[in-house]
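[1] only geometry, no sequence info:
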């Protein structure tokens, strides 16, 4: 159980970061009064895309939704709230949106230097996407 109120000193978070080699992090607040270019960013986050690296998010306050595609290419909505952590594997199509509270504060974690590049669908030719699809086929 992670302690979102004390994330700076939480020993569980510290152990996760050590074990997974999450060496870089920052905090993003998604709210119209806190995020520059809020409307543009919200639209960008909701565009279906993938990344070439895992996307790790830890919700420190507020709430929202990650939508991911299942093996049949159907949407699955994942509700995220304070204290939740999610890892989206490289190559998975996904999007993010706020819920009716229109606010989330989240920690973004990376292995090594952060890479912010999102590749909008279709992006099926990337090795990360092919590796993810291979993983899905093996799990089926």
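    Yep, that arrived. Keep in mind the model is a prediction, meaning the values are calculated, not measured.

[2] ok, residue 133 - contacts?
    Residue 133 is in contact with 91, 124, counting by Cβ atoms under 8 Å, 6 or more residues apart in numbering. (C-beta placed from N, C-alpha, C; glycine too.)

[3] Just say helix, strand or coil for it.
    helix (DSSP: H, G, I helix; E, B strand; the rest coil).

[4] partner residues bridging the closest residue to residue 114 other than its chain neighbours?
    When the adjacent residues along the chain are set aside, residue 114 lies closest to residue 24, with 5.6 Å between them (Cβ to Cβ, 6 or more residues apart in numbering). The partner list for residue 24 in beta bridges (DSSP bridges) reads residue 110.

[5] Quick check: residue 24 vs residue 108, distance?
    9 Å (Cβ to Cβ, to the nearest Å).

[6] For these two, work out which one has more neighbours and name it.
    Per other Cβ atoms under 10 Å, whichever of residue 24 and residue 108 has more neighbours is residue 108, with 16 against 12.

[7] That one - nearest residue in space that isn't next to it in sequence?
    residue 26 (5.5 Å).

[8] just to revisit the earlier point, ok, the residue nearest to residue 114 touching residue 110?
    Yes. Using Cβ atoms under 8 Å, residue 24 is in contact with residue 110, at 4.4 Å.

[9] joint contacts of the two?
    Common neighbours of residue 24 and residue 110 (criterion: Cβ under 8 Å, 6+ apart): none identified.

[10] picking that back up, my impression was that the residue nearest to residue 108 belongs to a strand - is that right?
    Yes. Counting by three-state DSSP, residue 26 is part of a strand.

[11] and the next element down the chain from the lengthiest strand in the chain?
    Looking across the chain with DSSP state E, the single longest strand is strand 55-69. The helix or strand immediately downstream of strand 55-69 is strand 75-81, counting by DSSP states H and E.
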